[in-house]
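K.L.:
Build me a structure from this.
(2 chains)
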There are 2 protein chains.
Amino acid sequence: MKKVAIGIDIGGTNTDFAYVNRDGQVIAEGKIKTNYGEAEVFVGALVEKLRIVQKKIGEPVKVIGIGVGAPMGNINKGTIEYPADLPWKGVTPMADLINSHCGLPVFVTNDANAAAVGEMLFGAAKGMKNFVVITLGTGLGSGIVVDGKLVYGENGFAGEIGHTTVRPGRTNRECGCGRVGCLETYVSATGLIRTMFKILADSVKDSELRDYSYNEMTSLKIAEAAERGDELAIRAFNHTGEILGLKLADLVAHTNPEAIFLFGGLTLAKGLILEPTQKAFKENMLSIYKDKVKLLPSGLNSKNAAVLGASALAWEKYNGED
Amino acid sequence: MKKVAIGIDIGGTNTDFAYVNRDGQVIAEGKIKTNYGEAEVFVGALVEKLRIVQKKIGEPVKVIGIGVGAPMGNINKGTIEYPADLPWKGVTPMADLINSHCGLPVFVTNDANAAAVGEMLFGAAKGMKNFVVITLGTGLGSGIVVDGKLVYGENGFAGEIGHTTVRPGRTNRECGCGRVGCLETYVSATGLIRTMFKILADSVKDSELRDYSYNEMTSLKIAEAAERGDELAIRAFNHTGEILGLKLADLVAHTNPEAIFLFGGLTLAKGLILEPTQKAFKENMLSIYKDKVKLLPSGLNSKNAAVLGASALAWEKYNGED
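P.N.:
Below is the predicted model:
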C-alpha cells in the first residue's frame, strides 16, 4: 500500500492540508476555514474533510503520521500556545485532539520550523547539515537547522528571530507581541506596508501609492508600483532589504549555517527584495564567513510549501516500520 | 594509572595549561609566554614545558587527549585562522603541530566554545541540554550548546555573537574585525572603557576617572570608582548592561536556551554589570520565554576556567578506552 503523510498548515483564515508521499509529491489536497470558535469543533470538521479527500485518492493509502504547522506550535507538548492570529485563545492541545480522532502520531510546530524541515527533505537544503529558513509572510519566522536537526530549544520555541530587536531606542514601531521595534515590524509584508507609509509621510515626492488607505495597501501593490518605477515604492523595498540583510549577517554569527533560504509571500517580489538583502548581507558579514554562507530562494514550490513542510515533520519522525 | 586531559589556553600574552582529571580537578599546571615569532618554536617550547610539569605530578598519569582554546580556533581543521591578537598570522595548523610531538588526539576551538564545554562537564551547566556561555574579557565570545552538543556550524565558526551589530547606522565605533558597531565594541572590558570615555566626553559632571589616559584606564579602575559611588562610572556599567541584556534577549530568540552563563574578567564587577544586564534581559524578553530562561554567573572557578574548558574538549571526545 502506498505510504503518505498528512501535512496541515493552520493559518489565521484558512487551514490547508495535503497527502504527501515520501518524495514530496502531493497526492491529494484540500482546505477548510480556520474560523471555528472552539478547537474541538474545528478538529472534528478538519478530520471529516480529511476523510472525504482521502477517499478521492482512488487507491488505498497508509497514512504514516500527521504534521501540523501553526503559529506558536510547540513540538514538545503538541500544543498551540497563545497564538495572536487564531480563534482559540490560551493553550490548545492540537496533537492530542487530532490523535483522539485517528490514532496517528501527530507533530505540531510553527510554520517556519515546518518550512525548514520541508526544505531539508524536499527542497534546496537536501543534504545540508546547517542552514536556516526565513519565512517572510504577514510576519517573519525562522527555522534553524544544526547538524541535520531542527533546533527546537529548551521550551520548543527556538527560531523566533522575527522578535529580535532592530534599532533599539530609536524606534516606536509597535509589535503584535507587545514589545517595540521587533524585526518583523520592519521585515514582513506588514513591515513593508508600514515602511511604505513612513516613506509617504516623510517624502514630498509623488507616488501612485498615495491613493491607498492603510487598509487597502498590500505588499503586492507596492511591488507592482516598484516595477513600474515608483521611486518611493523602490525605496521601501530597499529599506526592508537593508534591515533584513544586516540581521541575516548577525544570524550567521550565531550558528554559522551553510545557507539561508528565503521563503514566503514577500519573496514573490524577487529582485526587489532579494537584491538589497543580498547587498546588505554581504556588506555586513564578518570576514570569516565571507563567500562561505549562501543566501538563496527556497527550493519548495511556493504553492504547496507550507503543507509540504508540515508533512515533512511526520516523514522526518517516521522510522520506516509498517 | 590515573587518567588526565591537558587543557591549553592560548592568549595574546600568556599560554596557560593544566592537567585535569575526569572530575574537573587540576592535578598540575603551568604557563609559558605566547610571544614566539614562529608557531613551531612556540609548540616545541610548550611541549617541553608540559613534560617538565608532568614529571612533577609524582605518580604516572595517562594523558587521554589535549584540548586547546585559542582565538579563531577551528574545530573542523584543528587550525588557528587569522587571529588578531596572536603572533602567528595566517592559518596555523595547531592540532597537527602539537600532535606531531606527542601523538595524542588534539582538539582546537575558541576560548568561548571551550568555556561552554567546560561549563557543561565541570560547571553549573551539568545536565543541561540547551544553554549559552558568554565570555566577557577583552572581547565578547560565545559558545552555544543545543541538545547537549556544542554548535560549531558549517565552517567551525558558530558563536561569534560579539560581532553582531548594535544600533546599526547610529554608531561609528570601530571594531578590530574591520566592521563598525559590533557588540564587543560596547560590551567587553575594552567596550566599557570606550563607553567610559564617551561619557567623560559627553558629561560635565566630575569623576575621579578624569585623571586617567585611555591607555591607563582599566575596567577594574572603573569598577572601583563605581563602588566608591562615582556617578559616571556607574553610568558606564549601566549602559553596558543595558546593551548586553537586550542582545541576550535577542539571543534567546535564536536557540531558546534554558540558561545563559556569564563568564570572564568583566563579571568580576558582579552586581555592577549583572544587575543592569538582568534588568534589560527581563524587560526585552519575548513573553513566551519569560521566567523560563535564566541568566547566571559561570559555575567554573574563574582562576582555572579557561584551561578547565580546554581540557573538557578532550574529555568530551574521549570514548573511555585505554
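
K.L.:
what does the stretch 101-250 of chain A have sitting close to chain B?
P.N.:
Neighbours of chain B within the stretch 101-250 of chain A, by Cβ under 8 Å from any Cβ of the partner chain: A:129-130, A:144, A:146-147, A:149, A:151-161, A:163-170, A:177-179, A:243, A:246, A:249-250. In this view, the C-beta of every residue, glycine as well, is placed from N, C-alpha and C.

K.L.:
now those residues: which count as buried?
P.N.:
Burial of these was assessed by neighbour count (16 or more other Cβ atoms under 10 Å in any protein chain shown); the buried members are A:130, A:144, A:146, A:151-161, A:163-168, A:177, A:179, A:243, A:246, A:249-250.

K.L.:
Pull out the buried residues from the strand or helix carrying A:S311.
P.N.:
Under the criterion of DSSP states H and E, A:S311 resides in helix A:305-317. Going by neighbour count (16+ other Cβ under 10 Å), the buried part of helix A:305-317 is A:A305, A:A306, A:V307, A:L308, A:G309, A:A310, A:S311, A:A312, A:L313, A:A314, A:W315, A:E316.

K.L.:
Going by contacts, tell me the helices and strands next to the longest helix along chain A.
P.N.:
What stands out as the longest helix in chain A, according to DSSP state H, is helix A:231-255. Helices and strands touching helix A:231-255, by 3 or more Cβ pairs under 8 Å, 6 or more residues apart in numbering or on different chains; DSSP states H and E, are strand A:131-136, strand A:140-146, helix A:189-202, helix A:219-227, strand A:259-263, helix A:271-284, helix B:231-255.

K.L.:
starting at the chain centroid, how far to that helix?
P.N.:
Distance, stretch centre to chain centre, for helix A:231-255: 17 Å (Cα atoms, centre = their mean, to the nearest Å).

K.L.:
and the angle for it with strand A:259-263?
P.N.:
Relative orientation of helix A:231-255 and strand A:259-263, computed by axes from the mean of the first three to the mean of the last three Cα atoms, to 10 degrees: 140 degrees.

K.L.:
What lies in contact with stretch A:310-321?
P.N.:
A:5-9, A:17-20, A:22, A:24, A:64-69, A:105, A:107, A:109, A:111, A:114, A:117-118, A:120-122 (Cβ atoms under 8 Å, 6 or more residues apart in numbering or on different chains).

K.L.:
Run the angle between the longest helix of chain A and strand A:140-146 for me.
P.N.:
30 degrees.

K.L.:
Please name the nearest non-neighbouring residue to the closest residue to chain B within the stretch 101-250 of chain A.
P.N.:
Going by Cβ to the nearest Cβ, chain B is nearest to A:G153 of the stretch 101-250 of chain A, at 2.4 Å. Leaving aside its sequence neighbours, A:G153 sits nearest to B:N256 (Cβ to Cβ, 6 or more residues apart in numbering or on different chains; 2.4 Å).

K.L.:
list the contacts for that neighbour?
P.N.:
A:151-160, B:130, B:289, B:293 are the contacts of B:N256 under Cβ under 8 Å, 6+ apart.

K.L.:
any chance of the residues you listed in JSON lines, with secondary structure and distance to A:D85 too?
P.N.:
Below are the contacts of B:N256 laid out as JSON lines (DSSP: H, G, I helix; E, B strand; the rest coil; distance: Cβ to Cβ, whole Å):
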{"residue": "A:V151", "secondary structure": "coil", "distance to A:D85": "24"}
{"residue": "A:Y152", "secondary structure": "coil", "distance to A:D85": "21"}
{"residue": "A:G153", "secondary structure": "coil", "distance to A:D85": "22"}
{"residue": "A:E154", "secondary structure": "coil", "distance to A:D85": "25"}
{"residue": "A:N155", "secondary structure": "coil", "distance to A:D85": "20"}
{"residue": "A:G156", "secondary structure": "coil", "distance to A:D85": "19"}
{"residue": "A:F157", "secondary structure": "coil", "distance to A:D85": "16"}
{"residue": "A:A158", "secondary structure": "coil", "distance to A:D85": "20"}
{"residue": "A:G159", "secondary structure": "coil", "distance to A:D85": "18"}
{"residue": "A:E160", "secondary structure": "coil", "distance to A:D85": "15"}
{"residue": "B:N130", "secondary structure": "coil", "distance to A:D85": "27"}
{"residue": "B:Y289", "secondary structure": "helix", "distance to A:D85": "20"}
{"residue": "B:V293", "secondary structure": "coil", "distance to A:D85": "25"}
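
K.L.:
Closest one to A:L262 out of those residues, please.
P.N.:
A:G159 (14.7 Å; Cβ to Cβ).

K.L.:
excluding its backbone neighbours, what's nearest that closest one?
P.N.:
A:S142 (4.5 Å).

K.L.:
Counting neighbours, what do you get for that neighbour?
P.N.:
28 (other Cβ atoms under 10 Å in any protein chain shown).

K.L.:
try A:G127
P.N.:
Neighbours of A:G127 (other Cβ under 10 Å): 8.

K.L.:
ok, now how distant is it from B:V20?
P.N.:
Per Cβ to Cβ, to the nearest Å, A:G127 is found 38 Å from B:V20.

K.L.:
likewise A:Q25?
P.N.:
From A:Q25 to B:V20 the distance is 54 Å (Cβ to Cβ).

K.L.:
and the two? which has more neighbours close in?
P.N.:
B:V20 (29 against 13).

K.L.:
Dig out what the more buried one forms beta bridges with.
P.N.:
B:A5, B:V26 (DSSP bridges).

K.L.:
What residues does it make contact with?
P.N.:
B:V4, B:A5, B:I6, B:G7, B:V26, B:I27, B:V307, B:L308, B:S311, B:A312, B:W315 are the contacts of B:V20 under Cβ under 8 Å, 6+ apart.

K.L.:
And for A:F122?
P.N.:
Per Cβ under 8 Å, 6+ apart, neighbours of A:F122: A:D23, A:G24, A:G299, A:L300, A:L308, A:A312.

K.L.:
Burial check on the first one, number of neighbours?
P.N.:
By the measure other Cβ under 10 Å, the count of residues near A:D23 is 8.

K.L.:
Can you tell me the SS state at it?
P.N.:
On the three-state scheme (DSSP: H, G, I helix; E, B strand; the rest coil), A:D23 is labelled coil.

K.L.:
which intervals of chain A have sub-threshold pLDDT?
P.N.:
A:168-171, A:302, A:321-322 (pLDDT under 70).

K.L.:
Give me the domain ranges for it.
P.N.:
For chain A, the structural domains run A:2-118+A:303-317, A:127-297, going by automatic domain parsing.

K.L.:
quick revisit: nearest to chain B among the contacts of A:F122?
P.N.:
For the contacts of A:F122, the nearest to chain B is A:G299 (17.8 Å; Cβ to the nearest Cβ).

K.L.:
State the helix or strand in which the closest one lies.
P.N.:
Going by DSSP H and E, A:G299 is not in any helix or strand.

K.L.:
For it, give me its contacts.
P.N.:
Taking Cβ under 8 Å, 6+ apart, we find A:G299 in contact with A:E119, A:F122, A:G123, A:A124, A:A125, A:F261.

K.L.:
Using TSV, please lay out these together with secondary structure.
P.N.:
Supplementary listing: these in TSV, determined by three-state DSSP:
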residue	secondary structure
A:E119	helix
A:F122	helix
A:G123	coil
A:A124	coil
A:A125	coil
A:F261	strand
